[in-house]
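Colleague: pasting the sequence and the predicted coordinates here, then a few questions.
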Amino acid sequence: MAKKLNIKDKYRLLTRDLDWEYSYEDRKEAFPFEEFEGIKITDWSKWEDPFRLTMDSYWKYQAEKEKKLYAIFDAFSQNNGHLNVSDPRYVNALKLFLTGVSPLEYQAYQGFAHVGRQFGGVGARVACQMQAIDELRHVQTQIHAMSHYNKFFDGFQDYSHMHDRVWYLSVPKSFFNDARAAGPFEFMVAIGFSFEYVLTNLLFVPFMSGAAHNGDMATVTFGFSAQSDEARHMTLGLEVIKFLLEQHEDNVPIVQKWIDKWFWRGSRLLTIVAMMMDYMLPNKVMSWKEAWEVYFEEAGGALFKDLARYGIKMPKYAETIEKEKEHISHQAWWTFYTHGHAAGFHTWIPTDEELDWLSEKYPDTFDKYYRPRWELAKEMEAKGERFYTKALPQLCTTCQIPMLFTEMDDPTLNSFRDTVHNGERYHFCSDGCKDIFEDEPEKYVQSWLPVHQIFQGNCGGPDVENVLSDFYRMNLGEDNMDMKGSPDEKRWKQWKGVA
Amino acid sequence: MPVHAMTPDYKGEVLDRLENFHGNQVVYVGWDHHLMFCAAFAYPVPPEMPFTALLNEVMPDAFGMHGEFEKINWEKAEWLLDGQPFIPQLDVSLADQGIAHKSLLRFQTPELTGFKGAGV
């Protein structure tokens, strides 16, 4: 009988030993994606495995975790856990998560599976394959965690179909499409480093602590279960950056450009988290501004100090982003509120207590720029004319968000940027998005901008209502419109026995 | 470099070219310092449409929801076309006065300062 292997040997055999020398095939043809981005790798053996995990221990460990997780989901379901959430408004944050974020886990799976095949170094391949499986598990467990809510609330039923079609979901979808359409090294800087290492805390912590503060034990449990995976993803993201920077000095400007691009794109994407924190959580965790200061300015600042020795600077638009923390959540929720007829979740006017909380958290901006919008909305609602905007908005070609952001030095004026490429004019919400386009116009001329697609007749119609019901598959009058008077609200009142 | 692609001379398909809009062109119209409307509106309109039709038939439906819209003195409103000062000719078609596919028109009404004077 064969002797049992010690852990070190087992690890070597199940990772590095999976590679082989190419004696009769051209190695370049086996890894065709490795050179076109201009990244120079001189020695893959210098790759340090970010975590020592073999596939057999991975299965064993994850199976145990998942067993506990599903036991809790079952208990949550059997005990009607949805009745314990703070307020039915909270559930709308989950609708946004399921339609906007969970499908990104699936895209991350696809992306990591791709680079897990394409890197020439076996250590990087194995690490990326493990992360690919993590991401696939995450999308599955998130769907299961939220499936209970689908039995009791509107708006969960067609999340995957909606992710591919709905106007505001083109924002997260195109973000990941952009990363996956890039080469493998850019993908890793985009998702592995910028998103997973630096920005993930701003997505994950707010949603998971938001769940905890609002009595959603299913989502909290998912969060805990995913935490050990996330720690591995962060380690991988950091290893990628260090490896690229140590391999060749010519890599530094390329990596810097990707960091500039993906921090900007990431901060734009996180706008939905900002508005979720400030407006959608009935029990607040902290303000978006506070989260940004803790998780980006402090943690990210220390990271970039560490990276300075490689010649890496703070991301290019960091100063703009710092000013934006005072504004973006308010600008985004107003946009969703005024487009509440076209959203797959409910929107509402903040309560008086919430308006006061916002004034306290944003003393320099809320009362001056944003409270008046809610006073207008209240006046209109009181007259029985709840405000829904009647025309479609202009979109940014790069981030695909309606051009709702303002100049940071003049917050009552929208920020407009444009450029002309091959005789066609393109519009952007910011210098960041414009620079990204101008660096690779042939990529972004292909942007599938939902408003333009509707005008071209590619989304059904003829009216917006037909687009919403037939092309997006929203149940009109149930999934969309104000929280007030919604079937969600009526059912909640029945369950709670209040009039 | 137009794109960092594996394929030499990679060209992307321009999804928003004029001929895809079935005879219309897209025109964006924004009202500066009136953020009741979160962004400029996008309109699919025929290039041969006279400016007066854009102003009197297309714009009032959505912009008219703002209490100040009726009070605008259009003689005094200031316009920008793609960032440059612009004086619209009411009876001339959009195309013939340089309002092209995906042009952005912005108008400013300095005497109207928005809901509660807050730029809303």
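Modeller: Received, thanks. Numbering: from 1, shown residues only, chains lettered A, B, ... in the order given.

Colleague: mind listing the strands for chain B?
Modeller: Using DSSP state E, the strands of chain B run over residues B:25-31, B:41-45, B:78-81, B:84-86, B:103-108.

Colleague: can you put those in CSV and add distance to chain A, mean neighbour count and mean pLDDT?
Modeller: All C-beta atoms are positioned from the backbone trio N, CA, C, and that covers glycine. Shown next, in CSV, are those (distance: least, CB to the nearest CB, whole Å; neighbours: other CB atoms under 10 Å in any protein chain shown; pLDDT from 0 to 100):
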stretch, distance to chain A, mean neighbour count, mean pLDDT
strand B:25-31, 4, 23, 98
strand B:41-45, 4, 21, 98
strand B:78-81, 9, 16, 98
strand B:84-86, 12, 11, 98
strand B:103-108, 6, 20, 98
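
Colleague: adding distance to residue A:107, write those out as JSON lines.
Modeller: Formatted as JSON lines, the strands of chain B follow (distance: least, CB to CB, whole Å):
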{"stretch": "strand B:25-31", "distance to residue A:107": "29"}
{"stretch": "strand B:41-45", "distance to residue A:107": "27"}
{"stretch": "strand B:78-81", "distance to residue A:107": "39"}
{"stretch": "strand B:84-86", "distance to residue A:107": "41"}
{"stretch": "strand B:103-108", "distance to residue A:107": "32"}
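
Colleague: out of the ones you listed, flag the one nearest residue A:487.
Modeller: In terms of CB to CB, the element of those nearest to residue A:487 is strand B:41-45, at 30.6 Å.

Colleague: tell me what that closest one is packed against?
Modeller: Using 3 or more CB pairs under 8 Å, 6 or more residues apart in numbering or on different chains; DSSP states H and E as the contact test, the elements touching strand B:41-45 are strand A:392-393, helix A:450-455, strand B:25-31.

Colleague: enumerate every residue touching the residue of chain B found nearest chain A.
Modeller: The nearest approach of chain B to chain A comes at residue B:119, 2.8 Å away (CB to the nearest CB). Shown in contact with residue B:119 (CB atoms under 8 Å, 6 or more residues apart in numbering or on different chains): A:369, A:411, A:412, A:413, B:33, B:34, B:35, B:113.

Colleague: relative to residue A:354, which of the helices and strands packed on strand B:41-45 is closest?
Modeller: Going by CB to CB, the one of the helices and strands packed on strand B:41-45 nearest residue A:354 is strand A:392-393, 25.2 Å.

Colleague: what's the first helix or strand after the closest one?
Modeller: Per DSSP states H and E, the first helix or strand lying C-terminal to strand A:392-393 is strand A:406-407.

Colleague: does that following strand reach chain B?
Modeller: Yes - Strand A:406-407 comes into contact with chain B (CB under 8 Å from any CB of the partner chain), by way of residue A:406.

Colleague: so what strands line up beside that strand?
Modeller: strand A:410-414 (antiparallel) (DSSP bridges).

Colleague: what comes up buried for the partner strand?
Modeller: A:411, A:412, A:413, A:414 (16 or more other CB atoms under 10 Å in any protein chain shown).

Colleague: do stretch A:340-351 as well
Modeller: Buried, per 16+ other CB under 10 Å, within stretch A:340-351: A:340, A:341, A:342, A:343, A:344, A:345, A:346, A:347, A:348, A:349, A:350.

Colleague: what's the answer for stretch A:67-84, then?
Modeller: For stretch A:67-84, using 16+ other CB under 10 Å, the buried residues are A:69, A:72, A:73, A:76, A:81, A:82.

Colleague: quick one: contacts of that stretch?
Modeller: Counting by CB under 8 Å, 6+ apart, A:91, A:141, A:144-145, A:148-149, A:152-153, A:215-218, A:221-222, A:225, A:495-496 sit against stretch A:67-84.

Colleague: grab the nearest non-local neighbour of residue A:249.
Modeller: Spatially, and ignoring its direct neighbours in sequence, residue A:249 is nearest to residue A:311 (7.8 Å; CB to CB, 6 or more residues apart in numbering or on different chains).

Colleague: quick one: end-to-end length of stretch A:425-435, please.
Modeller: 14 Å (CA to CA, to the nearest Å).

Colleague: and the furthest pair within the buried residues of stretch A:67-84?
Modeller: The farthest-apart pair in these, when distances are taken by CB to CB, is A:69 and A:82, at 17.7 Å.

Colleague: how about the helices and strands packed on strand B:41-45, which one is nearest residue A:291?
Modeller: strand A:392-393 (26.6 Å).

Colleague: walk me through which strands that closest one pairs with, and which way each runs.
Modeller: strand B:41-45 (antiparallel).

Colleague: now the strand it pairs with, how far from the centre of its chain.
Modeller: Mean-position distance between strand B:41-45 and its chain equals 7 Å (CA atoms, centre = their mean, to the nearest Å).

Colleague: again, but for stretch A:471-489
Modeller: For stretch A:471-489, the distance to the chain centre is 24 Å (CA atoms, centre = their mean).

Colleague: buried stuff in stretch A:411-431?
Modeller: A:411-418, A:421, A:424-430.

Colleague: what does stretch A:33-45 rub up against?
Modeller: Counting by CB under 8 Å, 6+ apart, A:28, A:118-124, A:182-186, A:244, A:247-248, A:250-251, A:254, B:4-6 sit against stretch A:33-45.

Colleague: hang on, the earlier thing: which ones among the contacts of stretch A:67-84 lie within strands?
Modeller: Among the contacts of stretch A:67-84, no member lies in strands (by DSSP E).
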